[in-house]
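> have a look; sequence and predicted model below, questions after that.
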Amino acid sequence: MKRIISLALVLVLTVSLVLSGCAKKNAESFELALITDGATISDKAYNQSAWNGLKAYAEENGKTCRYYQPVLDEKGELTSETIAKYIDIAVNNGAKYIVLPGEAFAVSAYEIAPTYKDVNFILLDAQPHSKDDPTLRLQSNVMCVSYDYYQGGFLAGFVSVIDGLKDGDRVIREANTKLGFIAEAGNDKSKAYSDGYLQGVAYAADLKGVPVTVDYAAYNADVLDYDYSFTVKPVYIDVKDAKEDTYKVKVVDGIGSGVYTLGENVTITANPAPEGKVFDHWETKSDTEGVKDKKVNISSKKDSSMNLQIEKLDCTITAVWADAETVPITVNGGAEPVIYNAPKDSEYWVEAPAAAQGMIFDHWECADEEAVKEPEEKGTSVAVKDKALDLTAVYVQSDEPTFNVTVENGTGSGSYVTGDTVKVVANAPEEGKMFYKWENVDPQGLSTGIAMDNEYCYHAEFEMVDRYASVVEKMFDDGTQVVFAGGSRISDSLFTATENFDYPVFAFGWGYDESSKGSCLASVVNDYGKGVQEALKEYQGGSFISCNCKRNGIYVTGKNLEQYSEDKKGNQVENSDYNKDYAELYKTLAEKEKIAAPKTNLVSVNYWIKD
């Protein structure tokens, strides 16, 4: 995969250079250029906004423009080397102004821009700085476009309250009175948004005369009072309570024993082989009088893990072993060492034990370094020769919170992070009982929204959910109606959380219009296109321009500042998306930039802080 991507990079750069050569040969020159952050100009986000602004300015002023879409590396990152190549291409194609959208270009604006003294750069929503130091380093040919995060937060807080909930023309609630904010500790952008948000909430509460509560959690703070844990447990029922006929399966030297209903597909898996043995085949026996052994319907006699389709009989299935030369593999890192007996001269698959609380898997260690094929993967194949192998799974303290999963009456307990695959296996039921399904609950006794591949199977697996979404879910569980996370890098977790509720809860987007995401109440937008236009009109290298409410560079989607507009026939019509309260607030912010906090007792903030 790496080779393919690298080759793609070479090909794209070659094509770009050929195109630039053609442009020069044909005397075609593009005065204005945009280099995207690797995404397309139809991403419905920052790149599209910036391109629309550049194109509009070019059309209005008789300029030529084009964009360049760099190729990301195999890690999905935009490197400084790639940016440098595309800047060079743009300059060779006649660019006098180059737009760089976002933080991905901050280091390049500091390191590369000074080498092109005759070219003017516009850096959107970021400031030039060195690779190892975020301190501002203004450059004489770089103009920075900043956005007022405080104003953006203020608008989001205000609208979160006043929008309420409607079903068509029917008003369900006049105002939202239980809100949430997810902050990122140590992030100045997040702090500015949250300061503005709380002020905007207070302003709206005072205006509407309604009490409002705000749940406030800094997701990465040491003081966050939240328990990232849940319990998974099998539910057993009495066989006599089953609504269908049931049949008993006994597995010897394997897992899968239980009571099942007709037609079920049950996975039967042999235990790890004993020393000097390898799995050979399954032996099946009918335990129902009058029913032949051949009626036991298994998918394979030779596969150590296979499927049994339940027929009208009880049965016993036994793993049969064959003599073989085996080599012991000892896996350390769990509560106790686990020994596997692998066939000599083979490839054997091992998986690291689940991590202890707060820890995450880091790598494998083995005296024979070449034996472990993928030492940084939790699951890896091991080259088995003629000597015993001793493997140790090494764990490190997680920098971020982990989910601590407890499996009752089964296996799979451990510490996991988002994206991990969690495999759970229920213990065989007691006599007279049968497995029914899995259930999972958080510390509050509420469902966690975990989606298993088959919750009605005694062995199941699931992908660990977005742990930050679980914080938002807890807010929604407690009645929160709208959550905002302006400036936070985990804000997508808000939308993930809304998927698990069958009653209306909303995320408030930020940065660009996120209305295409489900359950989006509205979005506060930093208009990159407007920033490009304003910077080109007033370009001055080595300075900042603020794209705020005064310049109409920040706004909330779905809100019109004008009450009336003209239709195609020139008639004055009222705009359905006009909101008087929002329009008046916007005008005030445009004039004053900041509004003094109202003296009100209507807002209470519930900080999620440890005692």
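Ah, there it is. Numbers count the residues shown, from 1 in each chain.
> who touches the residue nearest to residue 527 when sequence neighbours are not counted in this structure?
With Cβ to Cβ, 6 or more residues apart in numbering as the measure, residue 553 is the residue that lies nearest to residue 527, at 4.9 Å, once sequence neighbours are left out. The C-beta positions use only the backbone N, C-alpha and C, and glycine is treated the same way. With contact set as Cβ atoms under 8 Å, 6 or more residues apart in numbering, residue 553 has these partners: 147, 526-527, 530-531, 534, 547.
> cool, and residue 476?
Going by Cβ under 8 Å, 6+ apart, residue 476 touches 483, 497-498, 501, 505.
> for residue 232, same thing?
Taking Cβ under 8 Å, 6+ apart, we find residue 232 in contact with 405-408, 410, 412, 424, 438-440, 450.
> could you look up the SS state of residue 222?
Remark: residue 222 carries the secondary structure label coil [criterion: DSSP: H, G, I helix; E, B strand; the rest coil].
> ok, it to residue 395 distance?
Distance, residue 222 to residue 395, by Cβ to Cβ, to the nearest Å: 21 Å.
> looking at those two, which is more packed in?
Comparing residue 222 with residue 395 by other Cβ atoms under 10 Å, the one with more neighbours is residue 395, at 19 against 7.
> contacting residues for the more buried one?
333, 355-356, 359-362.
> which element is residue 232 on?
Element membership for residue 232, per DSSP states H and E: strand 229-238.
> neighbouring strands - and their directions - for that strand?
Taking DSSP bridges as the criterion, strand 229-238 pairs within the sheet with strand 403-407 (parallel), strand 433-441 (antiparallel).
> just the pLDDT for residue 467.
At residue 467, the model reports a pLDDT of 85.
> pretty sure it sits against residue 403.
Yes - the criterion here is Cβ atoms under 8 Å, and residue 467 meets it with residue 403 at 5.7 Å.
> find residues that contact each of these two.
Taking Cβ under 8 Å, 6+ apart as the contact criterion, the residues that touch both residue 467 and residue 403 are 228, 417.
> tell me which of those two has more neighbours.
Legend: neighbour count by other Cβ under 10 Å for residue 467 and residue 403, higher for residue 403 (22 against 19).
> which parts of the stretch 351-500 of the chain are helices?
The residue ranges that make up the helices of the stretch 351-500 of the chain, judged by DSSP state H, counting those that start in this stretch, are 467-477, 492-498.
> same question for the first one: list its buried residues.
Think helix 467-477. With burial defined by 16 or more other Cβ atoms under 10 Å, the residues of helix 467-477 counted as buried are 467-477.
> how far out from the middle of the chain is that helix?
A distance of 14 Å separates the centroid of the chain from that of helix 467-477, by Cα atoms, centre = their mean, to the nearest Å.
> and the gap between residue 265 and residue 311?
The span separating residue 265 from residue 311 equals 12 Å under the rule Cβ to Cβ.
> next up, the contacts around the residue nearest to residue 517 when sequence neighbours are not counted.
The shortest distance from residue 517 to any non-neighbouring residue, by Cβ to Cβ, 6+ apart, is to residue 495 (4.6 Å). If a contact means Cβ under 8 Å, 6+ apart, then residue 495 has 507, 514, 517-520 as its contacts.
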